[in-house]
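Peer 1: What follows is a predicted protein model with its sequence.
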Amino acid sequence: MTGASRGIGRGIAFELASTRHSVAIIHYDANNDAAEETVEQCTALYGKNKSLHAAFFKANIGSAEDRQRLVKWATETFGEIDGLVNNAGIAPRQRDDIIYAKEEIFDEVLKVNLYGPYFLTQLVAQKWLEEENRNTSSPSGKNKTRRIVFITSISAEQVSLNRGEYCISKAGLAMAAQLYSARLAPDNIYVYEIRPGIIATDMTSGVKDRYDKLIAEGLVPQKRWGQPADIAHMVQAIMDGKLDFSTGSVIYADGGLHISRL
Ligand code: NAI
């Protein structure tokens with residue numbers, strides 16, 4: 001899973017660890033402490049079950065070379081990859097009115113939020129399809145079910161005029177989820193988009209007061225912040241096969257924020 005050292009990704013890692021999944025924690029923090037802590041807490045959740053394990057790897061998903069390195073590492077460390085959660089993402093480091101926003105910031109955001117998960121998915125899917133082709137002679141190895149999740153954002157459909165690049169990256173990612181779900185369904189690879197609203201993480205800590213007020217005023221019908229666990233429960237249900245007839249679905253984790261109201 002990408003972006004699993006903190007925030008939503010860390011919440012997903014804990015949920016998957018507590019429901020008996022080994023997890024590969026991909027992060028790109030300046031130091032490894034947060035990722036290491038996530039691994040330690042997952043390991044504690046495994047208890048005495050030695051068949052499960054967690055490990056972390058630092059890689060920039062915006063870099064083609066790093067994507068190759070991380071897939072190689074995950075395969076060597078875990079034997080095989082069963083599922084992929086494309087969670088890592090960044091907010092623009094500078095927010096500007098779209099009329100003045102800089103191309104350089106657009107590039108940075110698109111590289112991580114769109115190119116990264118799009119081409120990482122391509123790499124993992126190629127690997128899975130090649131494995132399936134090799135396994136045609138062994139009935140047990142053929143048609144294994146695998147699952148991919150894209151964490152997009154309510155910004156895929158709602159505009160924020162001072163972070164246009166983020167909105168465009170998430171709208172593009174929503175289309176990537178549709179494309180991959182259509183392409184991979186015949187190969188038993190199911191693809192889902194989870195579209196979170198306003199979630200309490202480091203990413204939103206800088207705008208906490210503003211959103212506290214908006215939420216209290218009713219911006220979110222359920223009148224609360226989302227928590228990483230809200231998304232983690234959905235990912236766990238997907239990875240445990242509870243939504244296996246729903247490939248291509250968009251699942252909101254936003255307390256009703258997306259509902260158009262008069
Ligand atoms: P966060 O900032 O707390 O954590 C981001 C994670 O991504 C960290 O583990 C970081 O190491 C990793 N990361 C950042 N850049 C990376 C790169 N280039 N390569 C590999 N890993 C990288 O973010 P948060 O809030 O947990 O968000 C997770 C995802 O959910 C993002 O895609 C974000 O856009 C999306 N999201 C967040 C919402 C929120 O309100 N927090 C709302 C809607 C969507």
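Peer 2: Nice, I can see it.
Peer 1: drop to CA atoms for contacts and neighbour counts, all remaining ones
Peer 2: OK.
Peer 1: tell me which element residue 26 is part of?
Peer 2: strand 23-27 (DSSP states H and E).
Peer 1: so for that strand, what's the average pLDDT?
Peer 2: In this model, strand 23-27 has a mean pLDDT of 97.
Peer 1: Help me see whether it makes contact with the ligand, please.
Peer 2: Yes - on the criterion Cα under 6 Å from any ligand atom, strand 23-27 is in touch with the ligand at residue 27.
Peer 1: Extract the CA atoms of that strand and return them as CSV.
Peer 2: Taking C-alpha atoms only, strand 23-27 is exported to CSV below (Å, rounded to 0.1, in the frame of the first residue of the first chain):
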residue,chain,number,x,y,z
VAL,A,23,1.2,-5.3,4.5
ALA,A,24,3.9,-3.5,2.5
ILE,A,25,4.1,0.1,3.7
ILE,A,26,5.4,2.4,1.0
HIS,A,27,6.2,5.9,2.1
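Peer 1: now for that strand, which elements pack on it?
Peer 2: Secondary-structure packing of strand 23-27 (3 or more Cα pairs under 8 Å, 6 or more residues apart in numbering; DSSP states H and E): helix 7-18, helix 33-46, strand 54-58.
Peer 1: Briefly note if the shortest one comes near the ligand.
Peer 2: The reference is to strand 54-58. No - using Cα under 6 Å from any ligand atom, strand 54-58 stays clear of the ligand, with a minimum separation of 7.2 Å.
Peer 1: Following element in sequence after the longest helix along the chain, please.
Peer 2: The helix of greatest length in the chain, counted in residues with DSSP state H as the criterion, is given as helix 164-184. Next helix or strand after helix 164-184 toward the C-terminus (DSSP H and E): strand 189-196.
Peer 1: Name every strand pairing with that following strand and say which way it goes.
Peer 2: Under the criterion DSSP bridges, strand 189-196 sits next to strand 146-151 (parallel), strand 250-253 (parallel) in its sheet.
Peer 1: for that strand, what is the average pLDDT?
Peer 2: The pLDDT scores in strand 189-196 average 99.
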